[in-house]
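coords please:
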Amino acid sequence: MGSAFEDLQAVLKKLPGLGYRSAERLALHLLVERPERLNALVEALRRAAEDIRRCRLCGGMAEEELCPVCSDSHRDASVVCVVEQVVDLMALERSSAYRGLYHVLHGKLSPISGVGPEDLNLASLGERLRSGDVRELVLALPNDVEGEATCHYITENIAGEGVAVSRIGFGLPSGGGVFYADPVTLKSALDSRRSYS
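Numbers count the residues shown, from 1 in each chain. Have a look, this model is predicted:
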């Protein structure tokens, strides 16, 4: 253990998106430049740790037994969109393009990293599909080897008869040019093309 400052910096550095310099800046900001903000941050973290949990149905973020999406009676409960992480669910919600329910896996299959089906939120997905209430499963997993493997596993081992399985299209970002796209994105964009009329 180092000094209190070094310990704080080490903990902050473990957060996603924060490297050594960012963790140092954040620690200095909270301790020296704006110490009045520290207690509010500590209280918000404490409250979030006590109040936020995984939704019983989808695995998303909830303060009650069910998250706001799963408890919304205006959503189409017959369509379930499978995502890797809660952040993906939040991105889809911000788009306002989807009105069904979700299922968060909290990862993707990766034998190299030791992540198997038992490590993901797959058992409860199987239960949801066996209930007979779901008619379509939308796979919104990353367009990489692990994402494809997870989609294949779900299609072959979890999605049963009577459940249509679709995959989101991948392609160029809005405002992005063909010149700047990598080969995988270009292939996905071409494979996901549709009629222009």
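
the longest strand in this structure is where?
strand 76-83 (DSSP state E).

hmm, who's touching it?
Outside strand 76-83, the residues within contact range by CB atoms under 8 Å, 6 or more residues apart in numbering are 89, 92, 98-105, 125, 128, 133-141, 154. Where you see a C-beta, it was placed from the backbone N, CA and C, and this is true even at glycine.

show the low-confidence segments of this structure, by residue range.
Across the chain, the ranges flagged by pLDDT under 70 are 1, 195-197.

give me the domain ranges for it.
According to automatic domain parsing, the chain comprises the domains 4-51, 75-167.

centre of the chain to the first one, how far?
Here the centre of domain 4-51 is set off from its chain's centre by 24 Å, with CA atoms, centre = their mean, to the nearest Å.

count of neighbours near Val69?
Val69 has 21 neighbouring residues, counting by other CB atoms under 10 Å.

need the contact list for it.
Cys55, Cys58, Gly60, Arg75, Leu89, Glu93, Leu101, Tyr102.

pull out the buried residues from the longest strand of the chain.
Across strand 76-83, burial judged by 16 or more other CB atoms under 10 Å covers Ala77, Val79, Val80, Cys81, Val82, Val83.

how much space separates the first one from Gly132?
When you say that, I think you mean Ala77. Distance, Ala77 to Gly132, using CB to CB, to the nearest Å: 12 Å.

just the last one next, same as before
Val83 sits at a distance of 22 Å from Gly132 (criterion: CB to CB).

helix or strand: which one has Leu190?
Using DSSP states H and E, Leu190 maps to helix 183-191.

so who does the residue sitting nearest the centre point of the chain touch?
Taking CA atoms, centre = their mean as the criterion, Gln85 is the residue nearest the geometric centre of the chain, at 1.8 Å. Contact partners of Gln85, counting by CB under 8 Å, 6+ apart, are Val104, Leu105, His106, Gly107.

burial count for the second one?
If I follow you right, that is Leu105. Leu105 has 22 nearby residues by other CB under 10 Å.

then the first one?
Burial of Val104, expressed as a neighbour count using other CB under 10 Å, amounts to 25.

what's the answer for Ala10, then?
Ala10 - counted by other CB under 10 Å - has 14 other residues nearby.

mind checking the SS state of it?
Classification of Ala10 using DSSP: H, G, I helix; E, B strand; the rest coil returns helix.

so it sits against Gly2, correct?
Yes - using CB atoms under 8 Å, Ala10 is in contact with Gly2, at 7.4 Å.
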